[in-house]
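*Asks:* Quick one: sequence plus predicted model below, questions after.
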Amino acid sequence: MRVSELAARAGIAPSAVRWYEAAGVLPPAARRENGYRQYDEADLARLRIVVNLRRLGLAPEDAGRLARLCLQHGDVDLDLRPLLAQQRTAIARQREDLDRIEGELLDLVLTIAAAGRAAREESAVADPIRVLFVCTHNSARSQIAEALLGRYGGTDFEVHSAGTEVRGVNPYAVRVLGELGIDWSAARSKLVTQFLDQRFDYVITVCDRARETCPVFPGSDNTLHWGLDDPSEVEGTDEEKLAAFRRTQVEVSARLRPFIEVALRAAGRGRRPALA
């Protein structure tokens, strides 16, 4: 096959094929009598391996070496093994990021749907938007969410949090909020039962989808779920535990950005949130 066909079947431009050959990533092509490059299925197999390895982040020369070893069924060079391990770690990290983004997109879709219901039910535009964050112990995630929405939402929101049990506010949650200038030292855990006779525009559960069953708040049609890992389950040094709570704070802040804007628009208020 000619270079144009080879490139098309590999999904790259002919100029990329020529560059790989010039750089030594691919062996020089065989030539016809008229001087045109001539390729076969083995060349295509090698090129596809190189292209796929490049998409995984390997440098051209490393992709070429590994493609050659794959086709020869040889042992992987010792200096390539750490590189491959690093790439596997990077891919795992990218997969986690994609899963997180997918979850945030799903949260946004559900938030928009809930906001549509809240807009139809809204009777007094001047009233604050009432939000209740719920988790198991009302110790960490729901406390952080309550504090942050209270800070970023201002007077447009009335925010509460509660749990099916009370365990006391986690001191690391207080520390992380203190780093943002929020004094949460006087906060207390609250049982969800004390809110059962109250109306909320949004009830948001913040339990980990994979490991916990979140409590259900009866009487609310606008229940959202934010699947957050429990930072209090992280073991290790003081700094490692604090880092887990910082990650929770960052993740809650990321979810609050679209939620605040959508909730405000549904309530007929156009102010955009100013989150740090």
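*Replies:* Noted; the coordinates are in hand.

*Asks:* how many neighbours does Val17 have?
*Replies:* Look at Val17: counted by other CB atoms under 10 Å, it has 24 neighbours. Every C-beta, even on glycine, is put in place using the N, C-alpha and C of the backbone.

*Asks:* Distance from the chain centre to the helix or strand hosting Leu256, please.
*Replies:* Secondary structure assignment for Leu256, by DSSP states H and E: helix 238-266. Relative to the chain's own centre, helix 238-266 is displaced by 12 Å; criterion: CA atoms, centre = their mean, to the nearest Å.

*Asks:* ok, now which ones touch Val174?
*Replies:* 184-185, 187 (CB atoms under 8 Å, 6 or more residues apart in numbering).

*Asks:* Try it again at 7 Å.
*Replies:* Residues in contact with Val174 (CB atoms under 7 Å, 6 or more residues apart in numbering) are 184-185.

*Asks:* and the helix holding Leu256, what does it pack onto?
*Replies:* Here helix 238-266 touches helix 80-121, helix 141-153, helix 171-179, going by 3 or more CB pairs under 7 Å, 6 or more residues apart in numbering; DSSP states H and E.

*Asks:* Least reliable of those by average pLDDT, please.
*Replies:* Among the helices and strands packed on helix 238-266, helix 80-121 carries the lowest mean pLDDT, a mean of 64.

*Asks:* Around Glu179, how many other residues sit close by?
*Replies:* Glu179 has 11 neighbouring residues, counting by other CB under 10 Å.

*Asks:* distance of it from Ala23?
*Replies:* Using CB to CB, to the nearest Å, one obtains 49 Å as the distance from Glu179 to Ala23.

*Asks:* can you check Thr164 too?
*Replies:* Remark: distance between Thr164 and Ala23 (CB to CB) = 62 Å.

*Asks:* When the two are compared, which one has more neighbours?
*Replies:* Taking Thr164 and Ala23 together and counting by other CB under 10 Å, Thr164 has the greater number of neighbours (16 against 11).

*Asks:* doesn't Thr136 make contact with that one?
*Replies:* Yes: counting by CB atoms under 7 Å, Thr164 does reach Thr136; the two are 5.8 Å apart.

*Asks:* Let me see the mean pLDDT of stretch 55-64.
*Replies:* Stretch 55-64 carries an average pLDDT of 80.

*Asks:* From the chain's centroid, how far away is it?
*Replies:* Relative to the centre of its chain, stretch 55-64 is centred 26 Å away, using CA atoms, centre = their mean.

*Asks:* Pull up the distance across it, start to finish.
*Replies:* End-to-end distance for stretch 55-64: 13 Å, by CA to CA, to the nearest Å.

*Asks:* Buried ones in that stretch, by neighbour count?
*Replies:* Residues 58, 60, 62-64 are the ones in stretch 55-64 that count as buried (16 or more other CB atoms under 10 Å).

*Asks:* Most widely separated two among those residues?
*Replies:* For the buried residues of stretch 55-64, the farthest-apart pair by CB to CB is Leu58 and Gly64; their separation is 9.2 Å.
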